[in-house]
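no sequence for this one, just the structure:
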């Protein structure tokens with residue numbers, strides 16, 4: 001049940017990012033829910049290995065390189081039909097919004 005709630009919260013984050021950031025387009029909440037699921041899977045399969053491999057770079061940049069990794073994962077999710085991110089900066093700001101909504105959602109669930 002907790003996983004489903006987290007996916008719904010992340011889907012709200014995707015919808016919020018699409019409403020606030022020009023260059024991010026989502027067809028509807030169903031698409032946002034699918035994007036949230038894809039982002040979760042990408043984070044597990046690609047995100048964690050990338051974070052481990054780039055740990056020295058992350059330490060040197062005081063953690064800011066994690067923003068680049070999150071941006072790339074957000075951009076990779078555009079293969080979902082009905083979800084489009086045009087450019088690096090919309091992906092950057094969209095990933096920040098989704099991350100912040102996710103953090104707030106986790107805090108509320110606890």
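Nice, I can see it. Nothing here was measured: the structure is a model prediction, and the numbers come from that model. Numbering: from 1, shown residues only.

contacts for the top helix by length along the chain?
Scanning the chain for the helix with the most residues, using DSSP state H, yields helix 88-109. Residues from elsewhere that reach helix 88-109, judged by CB atoms under 8 Å, 6 or more residues apart in numbering: 2, 5-6, 9-10, 12-14, 16-18, 20-24, 39, 67, 70-75, 85. All C-beta spots, glycine's among them, are computed from the backbone N, C-alpha and C.

Of those, grab the buried ones for PyMOL.
For the buried members of the contacts of helix 88-109, the matching PyMOL selection, counting by 16 or more other CB atoms under 10 Å, is:
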select buried, resi 6+9+10+12+13+14+16+17+18+21+23+24+39+70+71+72+73+74+75+85
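
Show me the contacts of helix 88-109 that map onto strands.
24, 85 (DSSP state E).

Contacts only, for residue 65.
54, 57, 58.

The first one against residue 69, yeah?
Yes - contact criterion CB atoms under 8 Å: residue 54 and residue 69 qualify, at 6.9 Å.
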